[in-house]
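Colleague: Curious how this folds, go ahead:
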Amino acid sequence: MLILERISHFLNQVLIWIAGCFLAAMILLTCTNILLRIIWMPVIGTFELMGYFGAVVTAFALGYTQTKRGHIAVDIVVLGFSKKIQKILKALNHLICLLFFATVAWQIAKYATTLMKTGEITETLRIIYYPFTYGVAFGCVILSLVFLVDFLKFFVPEQEDKK
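Modeller: Numbers count the residues shown, from 1 in each chain. Got it, this is the predicted structure:
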């Protein structure tokens, strides 16, 4: 369990760092595009790059955000239940989210394979689609891993969890 948690933590740290680099590139590209639009002409393909970079930033930040409990949670109804029921519902929620995002990752990866086989490219910059699509699928896989670790924590006694 501890090894799985460490792997998840390491992968999320790497992905959030990559997401940060893509976000910095988005900021730089936006500022450059605004400046060049005023002075001369805008950067060609900005719209395409912003879309792909945004997809990578979002997908790669999913798992890290879940580990930090940064996603929105509406638990007004659940708080009315006993602690035992809350724990069961939380475990069930982690299991459902794990299955959902594993399925999402699988379907996105299937779509990326189709894009790779057909050779789809963007109109303006002629960039291939599938690496970005596989990146989104990978981000969903890592989010599934985080949910798996969270789900398995319900079956590990509290004393072992603190080691």
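Colleague: Which residues in stretch 112-125 does the neighbour count mark as buried?
Modeller: By neighbour count with 16 or more other CB atoms under 10 Å, stretch 112-125 contains the buried residues 112, 115, 122. The way it works is simple: take the backbone N, C-alpha and C, and place the C-beta from them, glycine included.
Colleague: Can you lay out those as CSV showing pLDDT and distance to V104?
Modeller: Below are the buried residues of stretch 112-125 laid out as CSV (pLDDT from 0 to 100; distance: CB to CB, whole Å):
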residue, pLDDT, distance to V104
A112, 96, 12
L115, 94, 16
T122, 87, 23
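Colleague: Now, those that are in helices?
Modeller: 112, 115 (DSSP state H).
Colleague: low-scoring pLDDT stretches of the protein, where are they?
Modeller: Low-confidence segments of the chain (pLDDT under 70): 158-163.
Colleague: report the longest helix in it, please.
Modeller: Longest helix of the chain, by residue count under DSSP H: helix 2-39.
Colleague: What residues of it count as buried?
Modeller: 5, 8, 11-12, 15-16, 18-19, 22-23, 26, 29, 33.
Colleague: now, among the residues you listed, which is nearest to R126?
Modeller: L29 (17.6 Å; CB to CB).
Colleague: right, and the closest one touches G51 too?
Modeller: No - using CB atoms under 8 Å, L29 is not in contact with G51; the gap is 11.6 Å.
Colleague: Tabulate the buried residues of stretch 112-125 in TSV, adding columns for distance to L99.
Modeller: Formatted as TSV, the buried residues of stretch 112-125 follow (distance: CB to CB, whole Å):
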residue	distance to L99
A112	20
L115	25
T122	33
